[in-house]
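Peer 1: from the sequence below, what's the structure:
(one chain, ligands or ions: 1)
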Amino acid sequence: MKKNNTVTIRIKDLNWKYGNTAILENINIDIKRGKFYSIIGPNGSGKTTLLKNILRHLEPKKNTLFIEDLDISSLSYREIAKKMACVPQNTMVDYEFSALDIVMMGRTPHLKRFETESEKDLNICKEAMIMTDTWRFKDKLIQNLSGGERQRVIVARAIAQKPDILLLDEPISHLDIQHQIELLDTIAYINKKSGTTVIVVLHDLNLATQYSDDIFLLNDGKVLSYGSPTEVITEDIIKEVYKTKVCIIPHPVSGKPHVIPIRTEREVGAIDATKQIT
Ligand SMILES: Nc1ncnc2c1ncn2[C@@H]1O[C@H](COP(=O)(O)OP(=O)(O)OP(=O)(O)O)[C@@H](O)[C@H]1O
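Peer 2: Okay, here's the model as predicted:
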């Protein structure tokens, strides 16, 4: 599907506090339909808090967050679930459900009251599970899956929801390299084929540059940099934000910026700290 540039999510002067502590400050972002975005930033910079505001898992103030020009505070949770699906950071499920049951839950926003899933819903779920390499353990209890298998089941549930916008919070944190690439390839495929807007929080800067049209870099609750991978991933910006020296070279295949950290002598400090403890 052709990408178009209509704004699908508009964030205007969004602030968020936990108690008296300011976490997000003056966030202004336009998310365009059909694009693939990454949100990067150090631990604690506010990435998850931003996603939770967009999903209305937290309650942003009126007139700060708009989905398709509608103030999110005016939408019901069902309306939101029809437009957006999420893969949270924590994928633990406390109930005794099979992997297929979990994925089927992705269809709930599309069912009428008291309506049960049809053959069509089952096929949508099967397709999502094949895409995420989870169909082979569809009957296993979710608690009995490994962390990476469970993470892929939760991604399958989000895909089965057939959202316009897919938000993923560190979806590859438990995955081996094969499944990291397969999962991001699957998300990129859905983005291209169905025009689904993707917003993914990633810690891996090199995967963020490979897959994203644009990157938001959060630091201390503010958007410090925004733009194409080449604009955002520079040696100076990475050093400033992550306090880490890196060199950046063009990726040998894609030509996108590839970040190589440079080792420092910081371990000397760690040895001193051990001495103080003993
Ligand atoms: N429920 C909460 N109550 C109080 N403070 C919170 C709460 N949730 C998060 N915070 C704080 O808000 C800040 C931002 O947290 P957030 O989870 O959004 O960061 P993040 O960028 O997603 O971090 P990470 O990369 O470690 O996942 C952190 O300082 C965190 O301690």
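
Peer 1: rest of the way, CA atoms for contacts and neighbours
Peer 2: Fine.

Peer 1: got any ranges where the stretch 1-150 of the chain has weak pLDDT?
Peer 2: 1-5 (pLDDT under 70).

Peer 1: ok, which stretches of it are strands?
Peer 2: Here the stretch 1-150 of the chain has its strands, by DSSP state E, counting those that start in this stretch, at 7-18, 21-32, 36-40, 65-67, 70-71, 84-87.

Peer 1: would you mind giving those strands as CSV with distance to Leu167 and mean neighbour count added?
Peer 2: Formatted as CSV, the strands of the stretch 1-150 of the chain follow (distance: least, C-alpha to C-alpha, whole Å; neighbours: other C-alpha atoms under 10 Å):
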stretch, distance to Leu167, mean neighbour count
strand 7-18, 12, 17
strand 21-32, 12, 16
strand 36-40, 10, 25
strand 65-67, 13, 23
strand 70-71, 18, 15
strand 84-87, 5, 23
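
Peer 1: which among these is found nearest to Asp101?
Peer 2: Across the strands of the stretch 1-150 of the chain, Asp101 has its closest neighbour in strand 84-87 (16.2 Å, C-alpha to C-alpha).

Peer 1: what pairs with that closest one, and is each one parallel or antiparallel?
Peer 2: strand 165-169 (parallel) (DSSP bridges).

Peer 1: which SSE is immediately downstream of the partner strand?
Peer 2: Sequence-wise, the next helix or strand downstream of strand 165-169 (DSSP states H and E) is helix 177-194.

Peer 1: state the mean pLDDT of that next one.
Peer 2: Throughout helix 177-194, pLDDT has a mean value of 91.

Peer 1: interface residues of this protein facing the ligand?
Peer 2: Applying C-alpha under 6 Å from any ligand atom, we find that the chain lies next to the ligand at 18, 23, 42-49.

Peer 1: so Pro88 sits right up against Asp169, yeah?
Peer 2: Yes - with contact defined as C-alpha atoms under 8 Å, Pro88 reaches Asp169; the gap is 5.3 Å.

Peer 1: for the two, indicate the residue with more neighbours.
Peer 2: Asp169 (22 against 18; other C-alpha atoms under 10 Å).

Peer 1: who's the more buried one bridged to?
Peer 2: Applying DSSP bridges, one finds that Asp169 bridges with Val201.

Peer 1: looks like it contacts Val200 (just checking).
Peer 2: Yes - contact criterion C-alpha under 8 Å: Asp169 and Val200 qualify, at 5.9 Å.

Peer 1: wasn't Val223 part of a helix?
Peer 2: No - Val223: not assigned to a helix; according to DSSP: H, G, I helix; E, B strand; the rest coil it is strand.

Peer 1: is it in a bridge, and if so with what?
Peer 2: Note on Val223: beta-bridge partners by DSSP bridges are Leu218.

Peer 1: which residues sit in contact with it?
Peer 2: The neighbours of Val223, taking C-alpha atoms under 8 Å, 6 or more residues apart in numbering as the test, are 27, 216-217.
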